[in-house]
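Undergrad: Quick check, what structure comes out for this input:
(chains A and B)
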Amino acid sequence: MDDFYRDYILDHYRNPRNFGHLENPDVVAEDTNPLCGDRIRMELLVDANGTVADVRFFGKGCAISQASASMLTETVKGRPLADVARLTKEAVLENVGIGISPTRLKCAMLGLKVLKTAAVGKLASWPDED
Amino acid sequence: MRACVADDASKLARIVDDFPILRERTVRNRRLVYLDSAATSQKPQCVIDALVTYYSTYNANIHRGVYEIAARATDAFEDARSKVARFVNANPRELVWTRNTTEAINLVAHSWGGANIKPGDVILVTQLEHHSNLVPWQELAAKTGARLAYIPVDDRGLHVLDDLDDLLDGVKLVALSHVSNTLGTIAPLDAIVPRAHAAGAVVLVDGAQAAPNMPVDVKALDVDFYAFSGHKMCAPTGIGALYGKRALLEAMPPFLTGGDMIRTVTYEGATYNDLPWKFEAGTSNIAGAIGFGAAVEYLSQIGMEWVREHERSLARYAFERLRELEPRGLVVYGPRDPDLVADVISFNYADIHPHDLASILDGEGVCIRAGHHCTMPLMEKMGWPATARASFYIYNTKQDVDALIDALGKAAAIFKIDRAGAAGALGG
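TA: Here you go, the predicted structure:
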């Protein structure tokens, strides 16, 4: 467990990137982790080329869910929305690193689930269950 | 079969030894520090043996069987009912088997509530309620056009009774938990029940967190219904009980219908069985009931006064030890007084989310619960996103509290929490 809470995870937890709200987002999605009630909202600004021009996330939750969401916003900024829709759990695991236990996998996946919901315009399934 | 408890100086050590899961190094080859008994308790060998003996020597369906093991199973099932009834000072006729507390409350909501709650009636609950003693009443109110009102609690999670008489005006039912599963608050039933009755209300008590932890006497409490679960008090999962005053139960229509709960059935209709079987449709959890009987026998041998005192002293010690961490941002919620709480302590540590805390503690072999504890409205009212909860039972020791404190130290190190506390506490 000590392996998991690396400095960059704690840094993203305590200083989340792209945290807050956009003034006029084009796409918004929000969801909760039913296991713990953690909630994450993703707001995207999509330009004429279909690229994610800006992104904000908002929510409260554990270090894993918040750091994972924070890192994902950095991953998707400047990427085509179509790419966001195709992101898999591996992208999240690449961000957060190894050592996450099966019981906490949902925490890490919540941000991606919400992002994909925003990107495809309908409720996405849990990335770890695909 | 192992003897359950010896009443001697090493009582606590003997109790721990009665629980195979605690005796053996079952998790990562270390001693299990189990601080989640408010979710479900561990099971002593005598309860496990009762299940094994039933299944391996006299497994049969109950009632109406003419052969020997069917008669034995029926006797054991009804004997267990008598034991559990005696445990809360009820008459066995007034003790209905259910799956758990939730089902017991739903039984009352559907049967008594369906027959008695009318449009405009008021159902009074408290702000502390577990979802199981809230959602059934919300459903009943929505279905009947009744209204829900709340007895407030203060910032420490203590009931505020200043306006109780006003709140009780026009109330048909008061439904409240004896002990809060989130904060451990013991409800002042002696101050509430007589006033509720004077106002003409029926009183249902959710005893899920009280029956395991303190002596309960439904006659002395003078409650109309008392619901509790076996699995939080050493019995198997899937068995619970509803006590109800006989006159109320007699007047109530059945809840579930079908086999076992009938007296006669014709193509035209049916008449119903006597109490308590009127409310026990279908084959019951026979093994579970027998296990529940063994569990209350075990607890009675230990003595519920002893259980209450043991948990009071553990809570006192835990409050003391947790106070050492307060300068680093540890916050304890609830009454923080061993005389006012039962088995539960809720807390947060600096800005560590309780789920992270529970994960780190798990790595140290310490089991606690994290989240909203099925009391989402209370968490929202208090402004806590979630809390960590440690709960104690008969087999916990001061050593377990020390293990909790040591594991919290590990969490602080991982999260780099310094003496001044980290970036502000999580809520509260």
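Undergrad: Pull the contacting residues for residue 77.
TA: I went with chain A, as the question did not name one. The contact partners of A:Lys77, by Cβ atoms under 8 Å, 6 or more residues apart in numbering or on different chains, come to A:18, A:52, A:54-55. Glycine gets a C-beta too; all of them are placed from N, C-alpha and C.
Undergrad: I was thinking of chain B, sorry if that wasn't clear
TA: By Cβ under 8 Å, 6+ apart, B:Phe77 lies in contact with B:62, B:284, B:286, B:289-290.
Undergrad: With B:Val202 instead?
TA: B:112, B:116, B:172-174, B:224-225, B:248.
Undergrad: now, which of those lie within strands?
TA: With strands defined by DSSP state E, the entries of these inside them are B:172-174, B:225.
Undergrad: Using JSON lines, lay out those together with neighbour count, distance to B:Gly238 and pLDDT.
TA: Formatted as JSON lines, the ones in strands among the contacts of B:Val202 follow (neighbours: other Cβ atoms under 10 Å in any protein chain shown; distance: Cβ to Cβ, whole Å; pLDDT from 0 to 100):
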{"residue": "B:Lys172", "neighbour count": "20", "distance to B:Gly238": "31", "pLDDT": "98"}
{"residue": "B:Leu173", "neighbour count": "25", "distance to B:Gly238": "27", "pLDDT": "98"}
{"residue": "B:Val174", "neighbour count": "28", "distance to B:Gly238": "28", "pLDDT": "98"}
{"residue": "B:Phe225", "neighbour count": "26", "distance to B:Gly238": "21", "pLDDT": "98"}
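Undergrad: Make JSON lines out of those residues and add distance to chain A.
TA: Below are the ones in strands among the contacts of B:Val202 laid out as JSON lines (distance: Cβ to the nearest Cβ, whole Å):
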{"residue": "B:Lys172", "distance to chain A": "32"}
{"residue": "B:Leu173", "distance to chain A": "29"}
{"residue": "B:Val174", "distance to chain A": "28"}
{"residue": "B:Phe225", "distance to chain A": "30"}
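Undergrad: and the two most separated of those?
TA: Across the ones in strands among the contacts of B:Val202, no pair lies farther apart than B:Lys172 and B:Phe225, at 13.1 Å, counting by Cβ to Cβ.
Undergrad: ok, back up a step: can you tell me which of the ones in strands among the contacts of B:Val202 is closest to B:Lys381?
TA: Closest approach to B:Lys381 among the ones in strands among the contacts of B:Val202 (Cβ to Cβ): B:Val174, at 19.5 Å.
Undergrad: That closest one touches B:Leu167, doesn't it?
TA: No. Judged on Cβ atoms under 8 Å, B:Val174 makes no contact with B:Leu167 at a distance of 9.2 Å.
Undergrad: shared neighbours of these two, which are they?
TA: Joint contacts of B:Val174 and B:Leu167 (Cβ under 8 Å, 6+ apart) are B:Leu124.
Undergrad: And the longest helix seen in chain A, what does it pack against?
TA: Assignment by DSSP state H gives helix A:105-120 as the longest helix of chain A. Judged by 3 or more Cβ pairs under 8 Å, 6 or more residues apart in numbering or on different chains; DSSP states H and E, helix A:105-120 is in contact with strand A:27-32, strand A:39-46, helix A:63-76, helix A:81-85, helix A:89-96.
Undergrad: Return the member of these having the minimum mean pLDDT.
TA: Lowest mean pLDDT within the helices and strands packed on helix A:105-120: helix A:89-96, a mean of 89.
Undergrad: Next, the residue nearest the centre of chain B: secondary structure please.
TA: The residue lying closest to the centre of chain B (Cα atoms, centre = their mean) is B:Ala208, at 1.9 Å. For B:Ala208, the assignment made with DSSP: H, G, I helix; E, B strand; the rest coil gives coil.
Undergrad: shouldn't it be in contact with B:Ser229?
TA: Yes. Here B:Ala208 reaches B:Ser229: they are 5.2 Å apart, a contact under Cβ under 8 Å.
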